[in-house]
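> Sequence and predicted structure are below.
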Amino acid sequence: MKQVLALVVVAACMLPVVAGAQQADNAKMIQAFSAQGRADWGNVQVILLNDRTVEALFGASPAKAAFRTKARMTTVFFVQGTASKEFELKPDVTVAQKGETLTGKVTPMKNFAGGKVAKGEQIQGLVELPTKLDLYQPFKVTVSGQSVDFNLNDDDIRDYGNR
């Protein structure tokens, strides 16, 4: 009985450590597969969706499985940002790689359909490309005129990248 009690105490002590490690891993995945930029209207972050980033961003969402499936089939980005002033958003997204430019299909989530965005408001949306990118090659994502560069780490792509 004492052994069982000791095991329960050890397990209870380990839960915060495991939860903290999961949060740190999620933050690492977001950092490894994202790029940030500063526009005259605010900031923008573009995150490449894969199994690990979907889990980090949408872990509790009922749509998580659909996002993961879509990210396995084609290249999908999650775009988010905050307006530092009121501006007119044009949800045009293009991706340039190896001399080819692809136009993304936008799915608005929050203030990403186009139109006026008030100061302090967040924007969020998904962008789906018609084909998969070569993640081993650098690429540039342009959102409403603001560009961010991706040059992903080969080890991260191999280990987590849904090539």
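Okay, I see it. Numbers count the residues shown, from 1 in each chain.
> What is the burial count for residue 133?
21 (other Cβ atoms under 10 Å). (C-beta placed from N, C-alpha, C; glycine too.)
> contacting residues around the nearest residue to residue 114 once chain neighbours are set aside?
Nearest non-adjacent residue to residue 114, counting by Cβ to Cβ, 6 or more residues apart in numbering: residue 91, 5.0 Å away. Listed by Cβ atoms under 8 Å, 6 or more residues apart in numbering, the contact set of residue 91 reads 106, 108, 112-114, 125, 143-144.
> pLDDT below threshold where in the chain?
By pLDDT under 70, the low-scoring segments of the chain are 1-24, 161-163.
> What residues does the most centrally placed residue in it make contact with?
Nearest to the geometric centre of the chain sits residue 47, at 2.7 Å (Cα atoms, centre = their mean). The contact partners of residue 47, taken as Cβ under 8 Å, 6+ apart, are 30, 33-34, 53, 57, 77-80.
> Just the element for residue 67, please.
helix 64-73 (DSSP states H and E).
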